[in-house]
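Participant: Have a look at this prediction, sequence included:
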Amino acid sequence: MNEKSSKGKEDQKECIKGTITARKCDCCGHHEIGITTQSGEYISLKPGMKVQIELTKNNISKEQALEIFKAHVAMDEQKIHRITDSPPNVNVYGMPSEECWHILCSYNQHAPTMLASSRLICISKITGRILFDGSSNNEG
């Protein structure tokens with residue numbers, strides 16, 4: 001194959017955008033991995049296919065994280081102390097390593113004089129999932 005025909009094949013590459021998904025094969029029922037395009041078409045990945053993966057970061061804005069927080073907890077029982085994209089100075093076992101929005105809030109707003117830890121909720125910046133909800137161990 002000469003250089004011209006090789007370049008011609010490279011120019012014919014098609015860029016497909018979508019989300020990696022897993023499903024059962026329609027024919028035999030085995031599990032397969034593929035890409036679901038924005039139009040909903042499923043393209044099965046085969047051994048030897050070349051792929052390019054683009055990791056998107058910060059899909060979830062601070063405002064969206066706050067809405068997720070409000071849907072997760074009873075707002076009348078919570079007082080938000082701080083929402084930040086860097087981990088607060090707390091001693092938490094199992095702190096998520098994924099990029100998160102960190103929300104420090106009160107456990108019980110109705111007992112303001114009670115000495116207690118703050119509640120820490122970590123929301124993934126990529127998926128919007130709550131990755132941690134528990135004590136920040138910052139009492140005293």
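Facilitator: That came in fine, so what should we check first?
Participant: most centrally placed residue in this protein?
Facilitator: Using CA atoms, centre = their mean, the residue of the chain that lies closest to the mean C-alpha position is residue 127, 2.4 Å off.
Participant: On the three-state scheme, residue 90 is what?
Facilitator: coil (DSSP: H, G, I helix; E, B strand; the rest coil).
Participant: Neighbours of the spatially closest residue to it that is not a sequence neighbour, how many?
Facilitator: Distance criterion CB to CB, 6 or more residues apart in numbering; nearest residue to residue 90, sequence neighbours excluded, is residue 136 at 4.1 Å. The way it works is simple: take the backbone N, C-alpha and C, and place the C-beta from them, glycine included. By the criterion of other CB atoms under 10 Å, residue 136 has 22 neighbours.
Participant: correct me, but residue 136 touches residue 87?
Facilitator: No - applying CB atoms under 8 Å as the test, residue 136 and residue 87 come out as separate, 10.4 Å apart.
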